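>>> quick one, structure for this:
(chains A and B)
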Amino acid sequence: DGGITQSPKYLFRKEGQNVTLSCEQNLNHDAMYWYRQDPGQGLRLIYYSQIVNDFQKGDIAEGYSVSREKKESFPLTVTSAQKNPTAFYLCASSMRGGWDNQPQHFGDGTRLSIL
Amino acid sequence: ILNVEQSPQSLHVQEGDSTNFTCSFPSSNFYALHWYRWETAKSPEALFVMTLNGDEKKKGRISATLNTKEGYSYLYIKGSQPEDSATYLCASLGSSNTGKLIFGQGTTLQVKP
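Next up is the predicted model:
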């Protein structure tokens, strides 16, 4: 069954700690994305990657870092520089980065909270 | 319009009612408009990707229209059922950026049996 797997489902971060959210896809999609959702707001783009070994900042990249060493994987690290990390994080992928008029496919999300 | 805006923010209807909601998006440099359905405790699921002015798409009881000249799309649900209860997201893809979707805040629909 093809899809996107995010882990963990729930994550707690201590002050000053970096945490990494996992996102894996077996859809053979080129592009991958990380979004953040806060109450009452739409999904906001943190980082995206159109191809392996390349990624771009989204609208709210400060305090986050990513890597794209493999096509299947796009982990997101929430660093201690992110002062308000409590949110719901969604990972998505798409075949060719949107230009082929194909939709994005989403994982189930990770809810991050501060201890 | 610089952002993607959806209205209303939430909607409560009775089972069997038909309903519709609006997505407004920047009409300049338009490339595509996406609609997604997001049920509680599930991941967002794609409904439609629309590109042409005047386009109309249908999936069961759900349909959508697109006006790229004035920058709006309507989503219609005919004969709402409790299983239609979800948040409906629209997102605009502009031709000037590099594949970034700009999402609206969503319309949350609650269908009462």
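>>> on the three-state scheme, the residue of chain B found nearest chain A is what?
As assessed by C-beta to the nearest C-beta, chain A sits closest to B:A46 within chain B, at 3.3 Å. From N, CA and C alone the C-beta is placed, and that goes for glycine too. Look at B:A46: counting by DSSP: H, G, I helix; E, B strand; the rest coil, its state is strand.
>>> what's around it, how many residues?
By other C-beta atoms under 10 Å in any protein chain shown, 16 other residues sit near B:A46.
>>> and the nearest residue to it once chain neighbours are set aside, what element?
Excluding the flanking residues, the one nearest B:A46 by C-beta to C-beta, 6 or more residues apart in numbering or on different chains is A:P103, at 3.3 Å. Using DSSP states H and E, A:P103 maps to neither a helix nor a strand.
>>> distance between the ends of stretch A:61-81?
11 Å (C-alpha to C-alpha, to the nearest Å).
>>> is there proximity between that stretch and chain B?
No: shown here: stretch A:61-81 not in contact with chain B (C-beta under 8 Å from any C-beta of the partner chain), separated by at least 12.0 Å.
>>> that older thread, wait, the residue of chain B closest to chain A sits on B:H34?
Yes: in this structure, B:A46 is within contact of B:H34 by C-beta atoms under 8 Å, at 6.9 Å.
>>> distance between stretch A:20-29 and the chain's centre?
Distance, stretch centre to chain centre, for stretch A:20-29: 9 Å (C-alpha atoms, centre = their mean, to the nearest Å).
>>> is that stretch in proximity to chain B?
No: against chain B, stretch A:20-29 shows no contacts by C-beta under 8 Å from any C-beta, the least distance being 11.9 Å.
>>> what is the end-to-end distance of that stretch?
Stretch A:20-29: ends 22 Å apart by C-alpha to C-alpha.
>>> how many other residues sit next to the residue in chain A positioned nearest to chain B?
Residue nearest to chain B within chain A (C-beta to the nearest C-beta): A:P103, separated by 3.3 Å. For A:P103, the tally of surrounding residues (other C-beta under 10 Å) stands at 21.
>>> what's the answer for B:Q105, then?
So B:Q105, with other C-beta under 10 Å, has 19 neighbours.
>>> cool, A:H105 as well?
21.
>>> so it makes contact with A:H29?
Yes: look at A:H105 against A:H29 with C-beta under 8 Å: they come within range, at 7.2 Å.
>>> shared neighbours of those two, which are they?
A:S93, A:S94 (C-beta atoms under 8 Å, 6 or more residues apart in numbering or on different chains).
>>> average pLDDT for stretch B:9-29, rounded please.
Averaged over stretch B:9-29, pLDDT sits at 95.
>>> do stretch A:72-87 as well
Per-residue scores along stretch A:72-87 average to 94.
>>> what do you get for stretch A:95-112?
Mean predicted lDDT for stretch A:95-112 stands at 88.
>>> start to end distance for that stretch?
Stretch A:95-112: ends 28 Å apart by C-alpha to C-alpha.
>>> and for stretch B:91-109?
End residues of stretch B:91-109 are separated by 17 Å (C-alpha to C-alpha).
>>> sorry, back to before: so what sits against both of B:A46 and B:H34?
Counting by C-beta under 8 Å, 6+ apart, the contacts common to B:A46 and B:H34 are A:P103, A:Q104.
>>> good, wrapping up.
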